[in-house]
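Undergrad: this one's sequence-less:
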């Protein structure tokens, strides 16, 4: 199989994010890719599973690790529709993720290019390569629409 | 039941940490306390469960949340033998933990008093109260002995 493009993987992550909306979860989706194949896909499940740690990124790396039988995934790339928060950014470092590709930037909650800048510290012993802004408009619009809908009585 | 003291809860967390040693896991233990009762206890399970996110703190808040049927635990205190890393520090903020009490300080991996100082940023919308250094010597010695044993051929 030809390796799908970054845009194509981000669109799969967007499909996951859309599933979250129907459950009333903040629409963030992620896919984990190993050598061109998607090995896990997930969306935010915090409310559904009563789990404050169940962000899309956490759910996919936990599933990917379980599938591959190791807590370290140095050949995997993670696609996510929103800039990872500090919790997820650190978890992706622990998981030795090779590359993090995200859609929308998150000035309020992001932990890579914002806030504590997780990968700028020695506590991140492994620093994944990072690409932001892939399918940014689509990812941003999805979140914007969701939060606007919450404000409507 | 009388509320047990902080030292007593930290000693329960230390018991958890000791269980991790027998499994070859880095010895960190945690307990989650609601109104004087321990509602969850756990130790590091990263290698056992092939889960890069399975730090003691993450395991207890996930278990506590599941038990209480909510991802938010504003009346719970978390005791852990080592200063939480950035991932765990942020997760404790998401979980709205009231107070974090830790044993040993962690200059290399800690995320509260070291590294990215998670609670110093606006990305931590809820900032738990923090007390460090409870039963510090015992907590530190346990980790020191474990890491020294790894160096012996």
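TA: Perfect, thanks for sending it. The model shown is predicted, which means the values in this text are computed figures rather than measured ones.
Undergrad: which helices and strands does the lowest-mean-pLDDT helix or strand in chain A pack with?
TA: Here the helix or strand of chain A ranked lowest by mean pLDDT, DSSP states H and E is helix A:136-151, holding a mean of 93. Applying 3 or more C-beta pairs under 8 Å, 6 or more residues apart in numbering or on different chains; DSSP states H and E, we find helix A:136-151 packed against helix A:6-22, strand A:76-82, strand A:99-104. Any C-beta I mention is one placed from the backbone N, CA and C, and that applies to glycine too.
Undergrad: Just put those in CSV and tack on mean pLDDT.
TA: Shown next, in CSV, are the helices and strands packed on helix A:136-151 (pLDDT from 0 to 100):
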stretch, mean pLDDT
helix A:6-22, 95
strand A:76-82, 98
strand A:99-104, 98
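Undergrad: deepest of the ones you listed, which one?
TA: Per residue and on average, the most neighbours among the helices and strands packed on helix A:136-151 fall to strand A:76-82, with a mean of 28 (mean count of other C-beta atoms under 10 Å in any protein chain shown).
Undergrad: Summarise which helices and strands it is packed against.
TA: Using 3+ C-beta pairs under 8 Å, 6+ apart, strand A:76-82 sits against helix A:6-22, strand A:29-34, helix A:56-68, strand A:99-104, helix A:136-151.
Undergrad: quick one: strands adjacent to that strand?
TA: Note on strand A:76-82: by DSSP bridges, its sheet partners are strand A:29-34 (antiparallel), strand A:99-104 (parallel).
Undergrad: Now do the first one: everything it contacts.
TA: When contacts are defined by C-beta atoms under 8 Å, 6 or more residues apart in numbering or on different chains, strand A:29-34 is touched by residues A:9, A:12-20, A:38-44, A:56-57, A:59-61, A:63-64, A:68, A:73, A:75-81.
Undergrad: what's the following helix or strand after it?
TA: strand A:37-43 (DSSP states H and E).
Undergrad: and that next one, which residues are buried?
TA: A:38-43 (16 or more other C-beta atoms under 10 Å in any protein chain shown).
Undergrad: Remind me what that strand packs against, helices and strands.
TA: Using 3+ C-beta pairs under 8 Å, 6+ apart, strand A:37-43 sits against helix A:6-22, strand A:29-34, helix A:56-68.
Undergrad: so how far is the first one from its chain's centroid?
TA: The one in question is helix A:6-22. Remark: helix A:6-22 is offset 10 Å from the chain centroid, using C-alpha atoms, centre = their mean, to the nearest Å.
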